[in-house]
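**Q** no sequence on hand, only this structure:
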Ligand code: MN
């Protein structure tokens, strides 16, 4: 009798919500985020064609390949932060595309057509405390970006109550264990040639200067609050 009742209820719940168990089992794939502005919104500092190729080809490629690399593995269904943490001991496909996915998501968000100027509030105070002044931070960040050999990124990270600047190669990211660059990234600049070559060719320092005109400091402040 009891068995019959249990069987009846499991049958009914299956009939009434036929997709329930399937939905629960479905692992969400990572999705290419929409840009929070138009492709031409950052001109003249970053040109529309570069933004379009960068987002619709490069970032889209990292996203698709990341999904392919984790499909059917124990990484499927984990957050991108969880995947990045152990990515240095994963395959190149997971490390490179996981980093590529995360890094560009951050990158689009910390730029804005209304960006530039100086940070304020707590972020400005912590920059002063950590680097001495905003100009000293700008020099350190620009230097990390300019001297990153080959393809990579320069970062501003929150680490144990302080802000630090560091650089990573390829699509590596400070969230990866053992990368030699610690903390939680709150600002980053992509110094791969695909990020600037159409407009700036080999003049990476000009691109880095221009980047400061589009930094969305409100978003960086928000990232700092989330990192603490
Ligand atoms: Mn890129």
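**A** Sure thing, it's come through. Everything numeric here is computed off the predicted structure, so don't read it as measured data.

**Q** how close does the residue of the chain found nearest the ion get to residue 154?
**A** Minimum separation of the chain from the ion (Cβ to the ion) falls at residue 190, amounting to 4.2 Å. Placement of C-beta: from N, CA and C, glycine included. Plainly put, residue 190 is 9 Å away from residue 154 if you go by Cβ to Cβ, to the nearest Å.

**Q** okay, helices next: where are they in this protein?
**A** 2-16, 20-25, 48-53, 60-70, 80-85, 92-109, 121-131, 134-147, 197-200, 204-211, 217-227 (DSSP state H).

**Q** mean pLDDT, distance to residue 180 and mean neighbour count added to these, as CSV?
**A** Below are the helices of the chain laid out as CSV (pLDDT from 0 to 100; distance: least, Cβ to Cβ, whole Å; neighbours: other Cβ atoms under 10 Å):
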stretch, mean pLDDT, distance to residue 180, mean neighbour count
helix 2-16, 45, 52, 9
helix 20-25, 47, 39, 9
helix 48-53, 98, 29, 16
helix 60-70, 97, 22, 18
helix 80-85, 96, 15, 18
helix 92-109, 98, 14, 21
helix 121-131, 98, 19, 16
helix 134-147, 98, 13, 17
helix 197-200, 97, 27, 17
helix 204-211, 98, 22, 19
helix 217-227, 98, 19, 17
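
**Q** JSON lines for those, including distance to residue 39?
**A** Converted to JSON lines, the helices of the chain look like this (distance: least, Cβ to Cβ, whole Å):
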{"stretch": "helix 2-16", "distance to residue 39": "46"}
{"stretch": "helix 20-25", "distance to residue 39": "35"}
{"stretch": "helix 48-53", "distance to residue 39": "4"}
{"stretch": "helix 60-70", "distance to residue 39": "13"}
{"stretch": "helix 80-85", "distance to residue 39": "24"}
{"stretch": "helix 92-109", "distance to residue 39": "11"}
{"stretch": "helix 121-131", "distance to residue 39": "28"}
{"stretch": "helix 134-147", "distance to residue 39": "23"}
{"stretch": "helix 197-200", "distance to residue 39": "13"}
{"stretch": "helix 204-211", "distance to residue 39": "16"}
{"stretch": "helix 217-227", "distance to residue 39": "19"}
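
**Q** need those in JSON lines (columns: distance to the ion).
**A** Below are those laid out as JSON lines (distance: least, Cβ to the ion, whole Å):
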{"stretch": "helix 2-16", "distance to the ion": "46"}
{"stretch": "helix 20-25", "distance to the ion": "34"}
{"stretch": "helix 48-53", "distance to the ion": "10"}
{"stretch": "helix 60-70", "distance to the ion": "8"}
{"stretch": "helix 80-85", "distance to the ion": "16"}
{"stretch": "helix 92-109", "distance to the ion": "6"}
{"stretch": "helix 121-131", "distance to the ion": "24"}
{"stretch": "helix 134-147", "distance to the ion": "13"}
{"stretch": "helix 197-200", "distance to the ion": "11"}
{"stretch": "helix 204-211", "distance to the ion": "12"}
{"stretch": "helix 217-227", "distance to the ion": "18"}
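
**Q** and for residue 157, the neighbour number?
**A** Applying other Cβ atoms under 10 Å, we find 20 residues neighbouring residue 157.

**Q** excluding its backbone neighbours, what's nearest it?
**A** Leaving aside its sequence neighbours, residue 157 sits nearest to residue 183 (Cβ to Cβ, 6 or more residues apart in numbering; 3.2 Å).
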